[in-house]
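[1] Below are the sequence and a predicted model for it; my questions follow.
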Amino acid sequence: QVQLVESGGGLVQAGGSLRLSCAASGRSFSGYTIGWFRQAPGKEREFVAGIAWSGGSTYFADSVKGRFTISRDNAENTLYLQMNSLRPEDTAVYYCVAGRQPGSRVRYDYRYWGQGTQVTVSS
């Protein structure tokens, strides 16, 4: 059974930083794209960042480019999202995802989803 378990969310002031983690288990993710989506109250779920599990290609939503970085530790089967210079508009539930479509920013291309972790940025 595939599991993606997020952690690291919380409350932070604007300008601060948080690091999200996602522990992946249940299958090999070789060949998969893994990443993060988020959903703010009353808004659509949106792509944040993605990375190829086997290689180093990364890609980001324009809204977070230059502030967020994504990385993975293959040995630990863990995905990370380092979020710097946080803004109130980054407030959302953040979801860890995995799918087979390289470079996709479309939620329906991601088969596996975590339960989400709340990030709240106060102004």
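    Received, thanks.

[2] Sketch out the low-pLDDT regions of this protein for me.
    Regions of the chain meeting the criterion pLDDT under 70 are absent.

[3] can you give me the strands for it?
    Shown for the chain, the strands assigned by DSSP state E span residues 3-7, 10-13, 18-25, 33-39, 46-52, 58-60, 68-73, 78-83, 92-99, 110-113, 117-122.

[4] Mind putting those into a markdown table with mean neighbour count?
    Any C-beta I mention is one placed from the backbone N, CA and C, and that applies to glycine too. Converted to a markdown table, these look like this (neighbours: other C-beta atoms under 10 Å):
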| stretch | mean neighbour count |
| --- | --- |
| strand 3-7 | 17 |
| strand 10-13 | 13 |
| strand 18-25 | 19 |
| strand 33-39 | 23 |
| strand 46-52 | 22 |
| strand 58-60 | 18 |
| strand 68-73 | 17 |
| strand 78-83 | 22 |
| strand 92-99 | 22 |
| strand 110-113 | 18 |
| strand 117-122 | 17 |
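
[5] which residues touch the nearest residue to residue 18 once chain neighbours are set aside?
    What sits nearest to residue 18 in space, not counting adjacent residues and going by C-beta to C-beta, 6 or more residues apart in numbering, is residue 83, at 5.0 Å. Residues in contact with residue 83 (C-beta atoms under 8 Å, 6 or more residues apart in numbering) are 17-20, 64, 67-68, 90, 119.

[6] and if we set it to 10 Å?
    Residues in contact with residue 83 (C-beta atoms under 10 Å, 6 or more residues apart in numbering) are 8-9, 12, 16-20, 36, 48-49, 64, 67-70, 90, 94, 119, 121.
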